[in-house]
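Chemist: Sharing a model prediction with you, sequence too.
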Amino acid sequence: RSYTTGNDGRQVAQRERVRQEFARSAAIGAAAPILIVIPLSLLVVGWAMNRMLGQLDALALDLADRSAAAPMSLNGVPTEITPLVEGMNGLIARLRKTIDAQKRFLFDAAHELRTPLAAMQIQVDNLSAGAPERFEESRTAIAKGVTRASALVNQLLRLAKLDEPALALDLPGRRQ
């Protein structure tokens, strides 16, 4: 390739091979950092993602092993996930309150039903002790009602004790 100026007629020439060597050298010089940075950045991004997902996996395992009563710890939780964990802790607290209220209701209902049932059972026993023949049909009906109601009360108590068998309340007349 050659170049000629218009004023004084000077010529400048360059061989094609030299131009190609300059172009090749410039291309390698520009591409080498990119070819080194791309795999290195993939390694760094992969390491960071594994670390972050590892923390999320640990959080998921902690959540899977947790009971409804215990809030989650914020130790070791990434700051991006902290609002989520705090929201779950609020949900766990509300759930715990609801479960406790339901259990208290079941225990109270069972206790309130047991007292009149015990009185009815005493009446049935007194009726059968010296009752005339005409009261036999009434006594049988009362006995069946007491049996059904007692079974319902016992089911309520079992339902209340299902979640926490260690919970023991001293209820009068309580049978194990």
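Modeler: Received it, and whenever you're ready, just let me know what you need. Numbers count the residues shown, from 1 in each chain.
Chemist: Kindly state the neighbouring-residue count (a burial measure) for residue 114.
Modeler: 21 (other CB atoms under 10 Å). C-beta: built from backbone N, CA, C; applies to glycine.
Chemist: swap that for residue 103, sorry
Modeler: 18.
Chemist: That one: which element?
Modeler: helix 82-130 (DSSP states H and E).
Chemist: which other helices and strands contact that helix?
Modeler: Other elements packing on helix 82-130 under the criterion 3 or more CB pairs under 8 Å, 6 or more residues apart in numbering; DSSP states H and E are helix 136-161.
Chemist: Now do the helix it packs on: distance to the chain's middle.
Modeler: 39 Å (CA atoms, centre = their mean, to the nearest Å).
Chemist: From the contact counts, what lies against that helix?
Modeler: On a contact count with 3+ CB pairs under 8 Å, 6+ apart, helix 136-161 meets helix 82-130.
Chemist: quick one, the helix it packs on and helix 136-161 angle?
Modeler: If you take axes from the mean of the first three to the mean of the last three CA atoms, to 10 degrees, helix 82-130 sits at 160 degrees to helix 136-161.
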